[in-house]
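[1] Sequence and predicted structure are below.
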Amino acid sequence: MSRLLALDVGFRHVGVAVSDETRILASPLTTLANHGVRSLSVAVASLCHKHSVTAVVIGVPEDSAGRETPVARMARDVGHRLAGRGIAVAWEDETLSSREAEELLDARGASSARKRRARGSGEVDRLAAAIILERHMRRAID
């Protein structure tokens, strides 16, 4: 089996996580600065090549009424560009993934200052991407 990559797309940062070869474990990988759809898709394609990834799972947020947000449209644009490069793309609901990432930091005993640094550094985005990837892999097993 090959690895999967997951993205938690935001206007400023994009959290990235990668699976192991067995697609059981998801690990935070990096945070990319979001300089637009074109440069983001190039950066993600490069990560796919570097980590022997054949498919990317992209988190798609919805608003409280179930409609796609502007970030979701951007995420879909990135996905379509990746698909145009021959990379398989899957979509995953990312509702509350960032909240879950912050709750993980709480469970680890992170102080308020530590959580602020985690948000600013992209750590929350990386953790959210890992949560999105775990959801996707869990659904594949069920």
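    In hand now; what should we look at?

[2] got a pLDDT number for Val124?
    Val124 is assigned a pLDDT of 83 by the prediction.

[3] three-state assignment of it?
    helix (DSSP: H, G, I helix; E, B strand; the rest coil).

[4] quick one: it from Arg85, how far?
    Going from Val124 to Arg85 by Cβ to Cβ, to the nearest Å gives 28 Å. Any C-beta I mention is one placed from the backbone N, CA and C, and that applies to glycine too.

[5] Those two: which is more packed in?
    Comparing Val124 with Arg85 by other Cβ atoms under 10 Å, the one with more neighbours is Val124, at 27 against 13.

[6] if I read this right, that one contacts Gly15, doesn't it?
    Yes. The criterion here is Cβ atoms under 8 Å, and Val124 meets it with Gly15 at 7.4 Å.

[7] Identify all contacting residues around stretch 65-75.
    7, 9-11, 34, 37, 58-63, 76 (Cβ atoms under 8 Å, 6 or more residues apart in numbering).
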